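Asks: Mind folding the following:
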Amino acid sequence: MLLKVNYMKYEVPIGYYVKSFQKKVEESLGEEVVVFKWKEIVGPALYPHVMLDTIDVENLEVSIDHPAYKSAFILRQNLILNKIKELFPRYDIKNVKIHLV
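Replies: Coordinates of the predicted model:
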């Protein structure tokens, strides 16, 4: 679908505007957007057991419902932090706090 803009002499795909808008929303929302991508970040096996509590630029807090999944999270921690950095470059997590609930 193309969106015609009167002051331009060419047509621009509407997807360009949607992606631009989505990027601005993600930058302004921060933690809320990480929640939407949490399953992709931790993976389908850990997702039901690892809950995101808080995240800011340098800190991540999660709650985990079983010691076995805590071990699995710790084993995958670097991969998870790299995935967060890949999806959300403004985060540079240095501290991870894990709560067993």
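Asks: From now on I want contacts and neighbour counts done on CA atoms only, so please keep to that.
Replies: OK.
Asks: mind listing what's buried in the longest helix seen in the chain?
Replies: Determined from DSSP state H, the single longest helix within the chain is helix 67-87. Of the residues in helix 67-87, 69-70, 73, 80-82, 84 count as buried by neighbour count, 16 or more other Cα atoms under 10 Å.
Asks: So which residues of the chain form helices?
Replies: Counting by DSSP H, the helices of the chain are 14-29, 31-36, 38-42, 67-87.
Asks: quick one: buried residues of the shortest one?
Replies: When you say that, I think you mean helix 38-42. 38-39, 41-42.
Asks: cool, and stretch 91-101?
Replies: Neighbour-count burial for stretch 91-101, counted by 16+ other Cα under 10 Å, picks out 91-93, 98.
Asks: what distance separates that stretch from the centre of its chain?
Replies: From the chain centre to the centre of stretch 91-101 is a distance of 14 Å (Cα atoms, centre = their mean, to the nearest Å).
Asks: Return it as PDB; C-alpha atoms alone will do.
Replies: C-alpha atoms of stretch 91-101 as PDB (Å, rounded to 0.1, in the frame of the first residue of the first chain):
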ATOM      1  CA  TYR A  91      20.400  -1.100  27.500                       C
ATOM      2  CA  ASP A  92      23.900  -2.100  28.700                       C
ATOM      3  CA  ILE A  93      23.000  -4.500  31.500                       C
ATOM      4  CA  LYS A  94      25.800  -4.900  34.000                       C
ATOM      5  CA  ASN A  95      23.900  -6.300  37.000                       C
ATOM      6  CA  VAL A  96      21.400  -9.100  37.100                       C
ATOM      7  CA  LYS A  97      19.400  -9.800  40.200                       C
ATOM      8  CA  ILE A  98      17.500 -13.100  40.400                       C
ATOM      9  CA  HIS A  99      14.600 -13.700  42.900                       C
ATOM     10  CA  LEU A 100      13.500 -17.300  43.500                       C
ATOM     11  CA  VAL A 101       9.700 -17.200  44.100                       C
END
